[in-house]
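Student: Predicted model and sequence below, questions to follow.
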Amino acid sequence: MARAPNREAMAGPASPSDRNPPILLGVTGGVAAYKACELVRQLQQRGHRVRVILTRGGARFVSPLTFAALTGEPTLTRLFAAAQSGEAFASSIDHIALAQSAKALVVAPATAHCLAKFAHGLADDLLSTVYLATSAPVILAPSMNVNMWRHPATQANLETLGRRPGLAIVAPEAGYLACGMVGEGRLGDLAAIAGAVETALRPAAGSIWAGRTILITAGPTREPLDPVRYFSNRSSGRMGFALARAAAQQGARVHLVFGPTTAEPPTDPAIELIPVTTAEEMAAQAFARFADCDAAILAAAVADYRPARPAAAKIKKSPDSLHLELLPTTDILAELGRRKTHQVVVGFAAETGDPRPAARAKLAGKNADLIVGNDVAQSGVGFDSADNAVVLVSTAEETSLPRASKDRIAAQILAAIAALPRPVPVPAKPGGLRA
Ligand code: CTP
């Protein structure tokens with residue numbers, strides 16, 4: 001059967017099993033196995049859930065406990081784990097269900113032995129069995145001694161594997177090898193491996209977002225009062241980061257302007273990261289990029305006011321009351337609503353209580369095309385949470401999206417923008433998202 005890449009749908013109801021499908025990271029027995037620990041982190045920073053399948057050889061280099069600690073999930077080590085007692089990190093999970101649950105299978109490092117098994121269809125352990133059973137994209141990052149790499153047997157196996165649809169190989173780099181020799185064989189750059197995963201997951205052709213440029217604002221802003229104090233809010237930036245990731249995964253180029261937050265911004269080559277501090281800095285960066293964009297999604301919780309005259313030195317405590325003059329900040333959404341020509345402009349309304357009246361008012365008042373409203377008083381969703389539950393308000397309709405991960409809500413918001421009543425032209429440029 002042909003290997004069909006397992007693309008994530010833009011919309012549609014989620015079944016419990018597809019809410020957060022993992023990337024399976026196979027780690028085989030090469031000295032570069034230690035680098036797989038950092039690869040776990042890089043994939044997680046891009047918003048992926050990672051589960052590690054450690055071969056027997058891999059476990060001689062890195063302990064299952066290390067990967068269990070990094071991923072927060074049991075490390076998978078044995079094909080028939082249920083039958084074995086005393087295996088602390090094995091799982092009795094069905095290997096076929098495991099293979100089918102994955103959105104991608106990455107093997108880093110992949111030894112010469114692993115390549116040979118995959119090329120010939122041997123299935124004598126969990127990793128090689130999962131390889132045969134998965135329909136997800138496969139990314140192999142070989143690493144070995146230079147002579148093993150150059151051996152005709154290895155090269156023939158690579159040729160066989162390279163012809164398989166849905167399989168990408170991240171070539172090893174040249175350099176000093178652990179065996180003391182110099183030449184090709186060093187595990188490819190981790191960012192290149194993570195980038196190959198993104199490329200494999202990206203439905204470039206056919207997505208309405210392929211080739212589009214999107215401006216996204218995210219996170220809070222900080223408005224200084226003096227050199228040590230500021231006004232800000234609880235926004236984590238995660239909703240905006242999820243939108244940036246989803247847009248990039250669907251082939252868009254993203255300008256992500258974000259305020260100070262402890263959440264990790266996405267690391268995707270298609271996302272330009274523009275960190276800012278204040279509302280005025282965010283406004284300047286957004287205005288500078290808007291003309292070239294097809295859409296702007298303003299998810300930032302921008303401070304509405306800023307101290308009129310931030311003190312140059314720390315304000316000292318005194319028994320008198322302190323009076324502050326606050327000036328309104330530039331309303332970026334309203335300004336982009338005024339300036340828009342072909343762009344679709346989307347704003348957020350974070351309210352305590354039913355967000356729909358405020359969302360309707362902002363839609364009209366700020367000349368937006370869509371407002372994403374949410375009730376920040378609900379527990380477990382919104383500010384600083386992994387989940388969100390929102391209502392999408394446009395002039396044509398109001399749609400409630402029930403509680404789901406911010407990644408899923410982001411995909412649904414992008415689908416809703418693409419489905420806005422104005423017809424969306426198929427060619428990417430020129431003309432933007434509007435007809
Ligand atoms: N926004 C913006 N620039 C600002 C303030 C807000 O771009 N200076 C955007 C936010 O990113 C969000 C939307 O406007 O998309 C929120 O609207 P806003 O009027 O700021 O909401 P609140 O201030 O929370 O509500 P209210 O007007 O009811 O006080």
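Tutor: Everything's here; your move. Residues are numbered from 1 along each chain as shown.
Student: Could you point out which residue ranges in the stretch 1-150 of the chain have low pLDDT?
Tutor: For the stretch 1-150 of the chain, the stretches flagged by pLDDT under 70 are 1-19, 81-93.
Student: Please identify which residue in it comes closest to the ligand.
Tutor: Gly47 (21.1 Å; CB to the nearest ligand atom). Every residue, glycine included, has its C-beta placed from N, CA and C.
Student: Quick check: closest non-adjacent residue to that residue.
Tutor: Closest residue to Gly47 apart from its sequence neighbours, by CB to CB, 6 or more residues apart in numbering: Arg245 at 4.8 Å.
Student: One more: Tyr34?
Tutor: Spatial nearest neighbour of Tyr34, chain neighbours left out: Val62 (5.8 Å); criterion: CB to CB, 6+ apart.
Student: wait, doesn't the one you found sit right on Val27?
Tutor: Yes. Counting by CB atoms under 8 Å, Val27 is a contact partner of Val62 at 6.7 Å.
Student: okay, the two: which has more neighbours?
Tutor: Val27 (32 against 20; other CB atoms under 10 Å).
Student: show me the residues around that one that make contact.
Tutor: Ala33, Ala36, Val52, Ile53, Leu54, Thr55, Gly58, Val62, Phe67, Val107, Ala108, Pro109 (CB atoms under 8 Å, 6 or more residues apart in numbering).
Student: After the helix or strand hosting the second one, heading C-terminal, what element do we hit next?
Tutor: With elements taken from DSSP states H and E, the one containing Ala36 is helix 35-45. Read in the C-terminal direction, the helix or strand following helix 35-45 is strand 50-54, with elements assigned using DSSP H and E.
Student: Remind me what the next helix-or-strand element following that following strand packs against, helices and strands.
Tutor: The helix or strand immediately downstream of strand 50-54 is helix 58-61, counting by DSSP H and E. Here helix 58-61 touches no other helix or strand, going by 3 or more CB pairs under 8 Å, 6 or more residues apart in numbering; DSSP states H and E.
Student: Please identify the buried residues of helix 58-61?
Tutor: Of the residues in helix 58-61, Gly58, Ala59, Phe61 count as buried by neighbour count, 16 or more other CB atoms under 10 Å.
Student: same deal with stretch 281-289?
Tutor: Glu281, Met282, Ala283, Gln285, Ala286, Arg289.
Student: Now do stretch 26-39: distance to the chain's middle.
Tutor: 22 Å (CA atoms, centre = their mean, to the nearest Å).
Student: how far does that stretch stretch from start to finish?
Tutor: 11 Å (CA to CA, to the nearest Å).
Student: Ok, stretch 321-340 next?
Tutor: Using CA to CA, the end-to-end distance of stretch 321-340 comes to 44 Å.
Student: now do stretch 263-275
Tutor: 12 Å.
Student: pLDDT (mean, whole number) over it?
Tutor: Averaged across stretch 263-275, pLDDT comes to 87.
Student: can you pull the buried residues of it?
Tutor: Ala263, Pro265, Pro266, Thr267, Asp268, Ala270, Ile271, Ile274.
Student: Spit out the contact partners of Phe118.
Tutor: Counting by CB under 8 Å, 6+ apart, Phe118 has contacts Ala110, Ser128, Tyr131, Leu140, Asn157, Leu161.
Student: Count the residues that sit near the third one.
Tutor: For Tyr131, the tally of surrounding residues (other CB under 10 Å) stands at 23.
Student: Residue ranges in the stretch 251-400 of the chain under the pLDDT threshold?
Tutor: For the stretch 251-400 of the chain, no stretch has pLDDT under 70.
Student: Recalculate using a threshold of 80.
Tutor: Along the stretch 251-400 of the chain, segments meeting pLDDT under 80 span 267-269, 382-384.
Student: in this protein, which spans are helices?
Tutor: Assigned by DSSP state H, the helices in the chain fall at 35-45, 58-61, 64-71, 95-101, 112-120, 126-133, 146-150, 152-162, 190-201, 238-249, 279-290, 332-339, 356-365, 406-418.
Student: now the fifth one, how far from the chain's geometric center?
Tutor: What that stands for is helix 112-120. From the chain centre to the centre of helix 112-120 is a distance of 31 Å (CA atoms, centre = their mean).
Student: and if you look at the shortest one?
Tutor: Distance, stretch centre to chain centre, for helix 58-61: 29 Å (CA atoms, centre = their mean).
Student: what's next to that helix, contact-wise?
Tutor: With CB under 8 Å, 6+ apart, helix 58-61 has contacts from Gly26, Val27, Thr28, Gly29, Gly30, Val31, Ala33, Tyr34, Ala36, Thr77.
Student: try 7 Å this time
Tutor: The contact list for helix 58-61 (CB atoms under 7 Å, 6 or more residues apart in numbering) reads Val27, Thr28, Gly29, Val31, Ala33, Tyr34, Thr77.
Student: Repeat that for the longest one.
Tutor: Helix 406-418 is contacted by residues 10-11, 14, 19, 47, 208-209, 238-239, 242-243, 246-247, 250, 295, 344, 346, 370, 372, 386-388, 390, 392, 399, 401, 424 when judged by CB under 7 Å, 6+ apart.
Student: ok, now the first one?
Tutor: Taking CB under 7 Å, 6+ apart as the criterion, the residues outside helix 35-45 that touch it are 23, 25, 27, 50, 52, 62, 66-67, 70-71, 108, 187, 190-191, 193-194, 197, 264, 267.
Student: any idea of the angle it forms with helix 64-71?
Tutor: If you take axes from the mean of the first three to the mean of the last three CA atoms, to 10 degrees, helix 35-45 sits at 20 degrees to helix 64-71.
Student: now the fifth one
Tutor: With the same axes, to 10 degrees applied, the angle from helix 112-120 to helix 64-71 works out at 70 degrees.
Student: Also the last one?
Tutor: Taking the same axes, to 10 degrees, helix 406-418 and helix 64-71 form an angle of 40 degrees between their directions.
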